[in-house]
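**Student:** Sequence and predicted structure, then a few things I'm wondering about:
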Amino acid sequence: MSIALYRIDDRLIHGQVVVGWGQPLDLAFIVLVDDTVADSEWEQELYRMAVPPEMTVHFLSVAQAAAQLPAFAADARTGLVLVGEIGTMTQLVEQASGQIQTVNVGGVHHAVGRTQRLRYVFLTAAEEAALRHLEAMGVEVTAQDVPTARPIPLAELCAATSA
Amino acid sequence: MTAGDVMSGTSVRAVIVAHGTLAAGMVSAVEQIAGRGDCLRALSNSGHGLAELQASLSALLDETGARVVFTDLPAGSCTMAGRRLLRDRPDITLVTGMNLPLVLDFVMHDQAEPADAARSALVRGQGALAVCGS
């Protein structure tokens, strides 16, 4: 499978993704799944300018991404699927029916109503439930900001009470 | 003229936004070398989502009156936050890929318009990159 990582990261394309994961994985393409970005030329240009020229970014809606996942998975090069919100990943997993087996929680930062679980993960009760729902669908959910960090299983993530 | 006179009236001319403690470290290095750390303000992206970082940067620019932003990594969230601000604030100049020679050159040219000083500092920063040894 050539999709190395299905990542939830509210910063979308940034240093950890392009350099931290991108270089060791030798990432050739990023599939950025976000309905708002997929609908905005300005947003796309912003993210396109942030990646090295040899890296391709596909900007897709959830529905488009779900339909095209088999083609991306068949690509001989390595790719990364990136969403900004837990809800987007839940929709993608549901619409991709069984194609996504693992999900990486890479960055969900502070916002009103969220409780801190890790230095880089803050969750509302509803978001926690959504992640548990993913796991109930057979998806392995772990938190890991960079490749050199230990993947933290969902149960441990939800039990964590501080950074 | 005393050293105090030289420093009086110093205003913040740029905000440095970077990963980890790099921004604070850059200000510290500028202070150590040139004694002009107080014309810079540091902002870290650690623990901040993109919207929060953008709001913090915007507030810092408003508070200080600075119109130049230095960031570390072109692909980083610091640069993303700055570039999002640029859309609504054309008065802001953003320089990414900063290094110490660049920032030093900027702070030493305090008579120039900040945007002009940033552009000429860019040349200094690029020129400072070198590989030494075989």
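**Tutor:** Arrived safely, thanks for sending. Numbering: from 1, shown residues only, chains lettered A, B, ... in the order given.
**Student:** Contact partners for B:V107?
**Tutor:** Residues counted as contacts of B:V107 (C-beta atoms under 8 Å, 6 or more residues apart in numbering or on different chains) are B:13-14, B:30, B:34, B:36, B:39-40. Heads up, the C-betas are built off the backbone N, CA and C, glycines and all.
**Student:** Name the next helix or strand downstream of the helix or strand encompassing it, please.
**Tutor:** Following DSSP states H and E, one finds B:V107 within helix B:100-108. Sequence-wise, the next helix or strand downstream of helix B:100-108 (DSSP H and E) is helix B:114-127.
**Student:** contacting residues around that following helix?
**Tutor:** Contact with helix B:114-127 is made by B:13-14, B:66-68, B:70, B:93, B:95, B:97-99, B:101-106, B:109-110, B:112, as judged by C-beta under 8 Å, 6+ apart.
**Student:** Counting neighbours, what do you get for the residue of chain B found nearest chain A?
**Tutor:** At 3.3 Å from chain A, B:G49 is the closest residue in chain B, using C-beta to the nearest C-beta. Neighbourhood size, B:G49 [other C-beta atoms under 10 Å in any protein chain shown]: 23.
**Student:** got the contact list for it?
**Tutor:** A:10-11, A:107-111.
**Student:** likewise B:T21?
**Tutor:** B:44, B:46.
**Student:** Tell me the confidence at it?
**Tutor:** Looking at B:T21, its pLDDT is 98.
**Student:** ok, now A:A149?
**Tutor:** 95.
**Student:** for B:G4, same thing?
**Tutor:** For B:G4, pLDDT reads 41.
**Student:** and whichever residue of chain A sits closest to chain B, how many neighbours?
**Tutor:** Of all residues in chain A, A:H109 sits closest to chain B, at 3.3 Å by C-beta to the nearest C-beta. Other residues lying near A:H109 total 22 when counted by other C-beta under 10 Å.
**Student:** in the chain, which spans are helices?
**Tutor:** With no chain named, the answer covers chain A. Along chain A, counting by DSSP state H, helices occupy A:15, A:22-25, A:35-38, A:41-48, A:62-74, A:86-95, A:125-136, A:154-159.
**Student:** hm, I was asking about chain B
**Tutor:** Taking DSSP H as the criterion, chain B contains helices spanning B:3-7, B:22-34, B:50-64, B:77-88, B:100-108, B:114-127.
**Student:** In terms of mean pLDDT, which of those helices ranks lowest?
**Tutor:** helix B:3-7 (a mean of 43).
**Student:** Look at B:V69 and say how many residues are nearby.
**Tutor:** For B:V69, the count of nearby residues is 27 (other C-beta under 10 Å).
**Student:** coming back round to it: just the helices of chain A: most buried one?
**Tutor:** Ranked by mean neighbour count under mean count of other C-beta atoms under 10 Å in any protein chain shown, the helices of chain A are led by helix A:15, which reaches a mean of 23.
**Student:** centre of the chain versus that helix, how much separation?
**Tutor:** 14 Å (C-alpha atoms, centre = their mean, to the nearest Å).
**Student:** Also stretch A:28-35?
**Tutor:** 9 Å.
**Student:** Show me which helix or strand of chain A is least confident by mean pLDDT.
**Tutor:** Scoring the helices and strands of chain A by mean pLDDT, DSSP states H and E places helix A:15 at the bottom, with a mean of 88.
**Student:** and that one, anywhere near chain B?
**Tutor:** Yes. For helix A:15, a contact with chain B is found by C-beta under 8 Å from any C-beta of the partner chain, at A:G15.
**Student:** re the thing from before, quick check: the residue of chain B closest to chain A vs A:A111, distance?
**Tutor:** Counting by C-beta to C-beta, to the nearest Å, the gap between B:G49 and A:A111 amounts to 7 Å.
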